[in-house]
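> Next comes the sequence, and after it the predicted model I'd like to discuss.
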Amino acid sequence: MSRIYIASSWKNEMPCRIMADMLRAEGHEVDCFCDPRAGRYVFHWTELVERQEDLAKYDAINFLADARTQRAFREDKKWLDWADTVLLMLPCGRSAHLEAGYGKGSGKRLFIYGDFVKGEFDVMYGFADGLFRSGEVDQLCEALKAEAVTP
């Protein structure tokens, strides 16, 4: 079975947790950014500020200068390096897309799952080993089994 890194957004927390549990039930090892059960450090913006609007005080440079975000980066990279497969769950933002690109560029398999909104597309999704619309969970699971890397 596969070692899967789920890349997504906090806006998808519950769907990601559900997907992680389902994939674990299928026999895969799964890292989910919002789930500390596997021992991972889970970072949330509330560690920096109390109100989401206060995030506007940060840009990428001073955000990454904070020790907490550096720890979060190292944690995510550790789990990305551990995985043999990246599952990008849509919708998500730049960070998850960078994780997917890093994973694919590192030789990992990449699957993209979620709502593919009409009028929103990217030719770089052509790097993916499979694209699956919401509701195509069975097809995703079959692709993961068929493509599973065995040590």
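Arrived safely.

> CA only for contacts and neighbour counts going forward, please
Will do.

> What about residue 126, how many residues nearby?
9 (other CA atoms under 10 Å).

> Give me the contact list for the lengthiest helix in the chain.
Ranked by residue count, the top helix of the chain under DSSP state H comes out as helix 67-82. By CA atoms under 8 Å, 6 or more residues apart in numbering, the surrounding residues in contact with helix 67-82 are 3, 5, 31, 33, 40-43, 47, 63-64, 86, 99, 103.

> what mean pLDDT does that helix have?
Averaging pLDDT along helix 67-82 gives 96.

> quick one: which two of the contacts of helix 67-82 are the most distant?
Using CA to CA, the two most remote members of the contacts of helix 67-82 are 3 and 63, lying 29.6 Å apart.

> More neighbours: these two, which one.
A direct count of neighbours by other CA under 10 Å for residue 3 and residue 63 places residue 3 higher, at 21 against 15.

> Tell me where this structure is predicted with low confidence.
Low-confidence segments of the chain (pLDDT under 70): 147-151.

> State the distance from the residue of it most remote from its centre to residue 92.
Distance to the chain centre peaks in the chain at residue 57, reaching 25.7 Å (criterion: CA atoms, centre = their mean). Going from residue 57 to residue 92 by CA to CA, to the nearest Å gives 22 Å.

> ditto for residue 103
16 Å.

> In terms of packing, which of those two has more residues around it?
Counted by other CA under 10 Å, residue 103 and residue 92 do not tie: residue 103 has more neighbours, with 22 against 16.

> From residue 109, how far off is the more buried one?
Residue 103 is 7 Å from residue 109, by CA to CA.

> Overlap of the contact sets of those two?
Common neighbours of residue 103 and residue 109 (CA under 8 Å, 6+ apart) are 85, 86.

> Quote the end-to-end distance of stretch 121-140.
Length of stretch 121-140, first residue to last, CA to CA: 20 Å.

> Can you list the buried residues in that stretch?
125, 128, 129, 130, 131, 132, 133, 137, 140 (16 or more other CA atoms under 10 Å).

> re the thing from before, how about JSON lines for the contacts of helix 67-82, with secondary structure and distance to residue 72 added?
Putting these into JSON lines (DSSP: H, G, I helix; E, B strand; the rest coil; distance: CA to CA, whole Å) gives the following:
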{"residue": "3", "secondary structure": "strand", "distance to residue 72": "20"}
{"residue": "5", "secondary structure": "strand", "distance to residue 72": "15"}
{"residue": "31", "secondary structure": "strand", "distance to residue 72": "14"}
{"residue": "33", "secondary structure": "coil", "distance to residue 72": "10"}
{"residue": "40", "secondary structure": "coil", "distance to residue 72": "10"}
{"residue": "41", "secondary structure": "coil", "distance to residue 72": "7"}
{"residue": "42", "secondary structure": "coil", "distance to residue 72": "7"}
{"residue": "43", "secondary structure": "coil", "distance to residue 72": "6"}
{"residue": "47", "secondary structure": "helix", "distance to residue 72": "11"}
{"residue": "63", "secondary structure": "helix", "distance to residue 72": "11"}
{"residue": "64", "secondary structure": "helix", "distance to residue 72": "10"}
{"residue": "86", "secondary structure": "strand", "distance to residue 72": "18"}
{"residue": "99", "secondary structure": "helix", "distance to residue 72": "13"}
{"residue": "103", "secondary structure": "helix", "distance to residue 72": "17"}
